[in-house]
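J.: Predicted model and sequence follow; I will ask about them next.
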Amino acid sequence: MIPFHLPNFEIATVENEDGIWHIQAQSTASSARCPGCQQPSTGRHSWYQRHPQELPCIGQGVRLHLQVKRFRCSNLACPRKTFVEQFPDWLPAYARRTTRRTRILRDRFWDECSSGRSACSSIYRLLPAATPCCGSFARPRFHVLKPLRFSESMIGR
């Protein structure tokens, strides 16, 4: 038993190796909607592994080994021939971290930068992301770009 929920997955094994929990799980979905044309498909093409980062648990690291399905799109007019099932609530497409981990890291980064405990603003160039105004206060989102590299011409001799 794990202390968090993996929706649409069946836990195959949970092992602790050198202080890291390895959780192997398989998708239970029998169908998925094509993100291109929204047509449901049951034609499974293949499987592949995703290894998103998750928050530590009980002071130990967690490694997810998720076996997800790739489906064939049955719509002949759709430009996508195959697609991977999506988990938008907790693991966005192409994400390398779960939504929980991303949220915690973003909040921690914001807290450290805003409290002055970190010199992150002098180490990194930070640009606020373009976000639509919703009329309520929200923490700004930042894109972290390449670290600044000081050359002799910038510093002076």
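T.: The structure has been received and is ready for your questions. Numbers count the residues shown, from 1 in each chain.
J.: what about the strands in the protein?
T.: According to DSSP state E, the chain carries its strands in the segments 9-17, 20-27, 32-33, 40-41, 44-50, 61-72, 82-84, 124-128, 142-147.
J.: Could you give the bridge partners of Phe9?
T.: Beta bridges link Phe9 to Ser27, judged by DSSP bridges.
J.: In contact with it, which residues?
T.: Counting by C-beta atoms under 8 Å, 6 or more residues apart in numbering, Phe9 makes contact with Ala25, Gln26, Ser27, Thr28, Leu66. C-beta here means a position set from N, CA and C on the backbone, and glycine is covered the same way.
J.: Now do the spatially closest residue to the fourth one that is not a sequence neighbour: how many residues are near it, please.
T.: Looking back up the chat, that one is Thr28. The shortest distance from Thr28 to any non-neighbouring residue, by C-beta to C-beta, 6 or more residues apart in numbering, is to Glu10 (5.2 Å). Per other C-beta atoms under 10 Å, the neighbour tally for Glu10 reads 11.
J.: I'd like to know how far Glu10 sits from Leu66.
T.: Per C-beta to C-beta, to the nearest Å, Glu10 is found 11 Å from Leu66.
J.: Find the residues that touch each one of these two.
T.: Taking C-beta under 8 Å, 6+ apart as the contact rule, Glu10 and Leu66 both touch Ala25, Gln26, Ser27.
J.: Of those, grab the buried ones for PyMOL.
T.: With 16 or more other C-beta atoms under 10 Å as the criterion, this PyMOL line picks the buried residues out of these:
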select buried, resi 25+26+27
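J.: Now flag whichever of the shared contacts of Glu10 and Leu66 is closest to Pro40.
T.: Nearest to Pro40 among those, counting by C-beta to C-beta, is Ser27 at 15.5 Å.
J.: How much space separates that closest one from Arg80?
T.: For Ser27, the distance to Arg80 (C-beta to C-beta) stands at 19 Å.
J.: And Ser114, by the same measure?
T.: 42 Å.
J.: Please apply the same query to Thr28.
T.: 23 Å.
J.: And Ala93, by the same measure?
T.: Distance from Ala93 to Arg80, by C-beta to C-beta: 13 Å.
J.: out of these two, which sits in the more crowded spot?
T.: Arg80 (13 against 10).
J.: Phi and psi next, for the closest residue to that one other than its chain neighbours.
T.: Using C-beta to C-beta, 6+ apart and skipping the chain neighbours, the partner closest in space to Arg80 is Gly36 (4.1 Å). Backbone torsions of Gly36, given as degrees, to the nearest 10, read phi -80, psi -50.
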